[in-house]
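Peer 1: Here is a sequence together with a model predicted from it:
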2 protein chains.
Amino acid sequence: METETEEAELLALAQSFRSTLRHAVYLSRSMDSDGELSTMQMSTLSMAADAPLRVSRVAANLGIRVPSATEQIIKLEQAGLVSRQPDPTDSRAVLVQLTRTGRTTWEEVNRRRNARIAELLGRLDSRDRATLAAALPVVAQLTNHS
Amino acid sequence: METETEEAELLALAQSFRSTLRHAVYLSRSMDSDGELSTMQMSTLSMAADAPLRVSRVAANLGIRVPSATEQIIKLEQAGLVSRQPDPTDSRAVLVQLTRTGRTTWEEVNRRRNARIAELLGRLDSRDRATLAAALPVVAQLTNHS
DNA sequence: CGTGAATGTTAGGCTGCCTAACTATGGAAA
DNA sequence: TTTCCATAGTTAGGCAGCCTAACATTCACG
């Protein structure tokens, strides 16, 4: 029964994957705990850095509900990183956009976090780095499909 | 300047890695939202499944503070999945161990979540699966070193 | 002994998510 | 035009999970 061993291998991989997922979450949390801005807030700024967007778009991209997005956006607004303007083409909607301070802060935090991760990755030998790099798009594929 | 391009590549990889990390967290959150048990609670059960252990060990392994671990453990206790016994060798300490219900529940939830991830992984072609499998230990290495 | 370290628990607070209920605008159909 | 439903967002209230500070108990050592 070829399919049975395949199934077993798949389950074994799934278990390793889940375990690694925990590690990843752990790592992500430790990134957040520099106190600056949460990963979610950084993601929000990233989106707005490309172009102004609606609250509902932010919520969808973050995978959270609209009221939760509103909450986060209001915090970013109070921190002066983001502004909320009514959408001229639809006055029900609100456009979230980066302020100048928001952009510079975002760039700087981004730089710092990239450097921190780069430092971690730098400890790997180049073979491991290549392995990791190859796997990143696969993970992206996994989450996009679901 | 060879080292400069290396540095730039490392930063680029770091950026991709951070982005993928977000995806991973997203995926992990969606796993949790089946309502059953949180990933952290499952991890706690996993530890206790091996052998009874102290609250402080649970906290250390989960990367949280002792009071937070106490909180989670009490919830697991109230759910009947875990029992708290004073450590016979040190009556300050508390040993967390699985109840019979705890073990069967843990096994079943584990099975279900493995199956869910396996189903996701099954959609990948075998080449991508191999790439992913190769990268898992690298990620583990990353988080252990930090 | 007695004093400082170690182990947990309790109390109180914060963040981030949720649902339900509401306001206001848009759009289409009578 | 007017009515009515859908869409966009906010407000209110609640819950989970983390934190620090303060505490009780036990241990271990001088």
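Peer 2: Received the coordinates, thanks.

Peer 1: For residue A:31, give me the pLDDT.
Peer 2: Looking at residue A:31, its pLDDT is 82.

Peer 1: does it sit in a helix or strand, and which one?
Peer 2: If you go by DSSP states H and E, residue A:31 is part of helix A:2-32.

Peer 1: Could you do residue A:115 as well?
Peer 2: Per DSSP H and E: helix A:100-122 holds residue A:115.

Peer 1: now that helix, how far from the centre of its chain.
Peer 2: Taking CA atoms, centre = their mean, to the nearest Å, one finds helix A:100-122 lying 13 Å from the centre of the chain it belongs to.

Peer 1: Return the distance of the most centrally placed residue in chain A relative to residue A:51.
Peer 2: In chain A, the C-alpha nearest the mean C-alpha coordinate belongs to residue A:43, at 5.1 Å (CA atoms, centre = their mean). The gap separating residue A:43 from residue A:51 is 15 Å, by CB to CB, to the nearest Å. Any C-beta I mention is one placed from the backbone N, CA and C, and that applies to glycine too.

Peer 1: same deal with residue A:9?
Peer 2: Taking CB to CB, one finds residue A:9 at 44 Å from residue A:51.

Peer 1: Domain map for chain A?
Peer 2: Following automatic domain parsing, one gets these domains for chain A: A:1-33, A:37-145.

Peer 1: In the first one, which residues are buried?
Peer 2: Put plainly, it is domain A:1-33. Within domain A:1-33, the residues that count as buried by 16 or more other CB atoms under 10 Å in any protein chain shown are A:10-11, A:13-14, A:16-18, A:20-25, A:27-28, A:31-32.

Peer 1: Please apply the same query to stretch A:98-118.
Peer 2: Neighbour-count burial for stretch A:98-118, counted by 16+ other CB under 10 Å, picks out A:98-99, A:102, A:105-106, A:109-110, A:113-114, A:116-118.

Peer 1: That one near chain B anywhere?
Peer 2: Yes. Applying CB under 8 Å from any CB of the partner chain, one finds that stretch A:98-118 is in contact with chain B at A:113-118.

Peer 1: Run through who's touching that stretch.
Peer 2: For stretch A:98-118, contacts defined as CB atoms under 8 Å, 6 or more residues apart in numbering or on different chains pick out A:31, A:34, A:36-37, A:42, A:45-46, A:48-49, A:76, A:80-83, B:7, B:10-11, B:13-15, B:17-18.

Peer 1: picking that back up, any idea which of the buried residues of stretch A:98-118 is closest to residue B:55?
Peer 2: Closest to residue B:55 out of the buried residues of stretch A:98-118 is residue A:116 (30.8 Å), distances taken as CB to CB.

Peer 1: separation between that closest one and residue A:90?
Peer 2: Going from residue A:116 to residue A:90 by CB to CB gives 40 Å.

Peer 1: Please apply the same query to residue A:24.
Peer 2: From residue A:24 to residue A:90 the distance is 38 Å (CB to CB).

Peer 1: Over to residue A:12?
Peer 2: 51 Å.

Peer 1: residue contacts, residue A:49?
Peer 2: A:98, A:103, A:106.

Peer 1: should've said residue A:69
Peer 2: By CB under 8 Å, 6+ apart, the residues touching residue A:69 are A:44, A:55-56, A:58-59, A:62.

Peer 1: one more time with 10 Å
Peer 2: Contact analysis of residue A:69 by CB atoms under 10 Å, 6 or more residues apart in numbering or on different chains lists A:40, A:44, A:54-62, A:96.

Peer 1: In ChimeraX, how would I select just the buried ones from those residues?
Peer 2: ChimeraX command restricting these to the buried ones, with burial defined by 16+ other CB under 10 Å:
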select /A:40,44,54,55,57,58,59,62,96
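
Peer 1: The residue nearest to the centre of chain A sits in which helix or strand?
Peer 2: Counting by DSSP H and E, residue A:43 is found in helix A:39-50.

Peer 1: among the contacts of stretch A:98-118, which are in reach of DNA strand C?
Peer 2: Contacts with DNA strand C are made by none of the contacts of stretch A:98-118, judged by CB under 7 Å from any atom of the strand.
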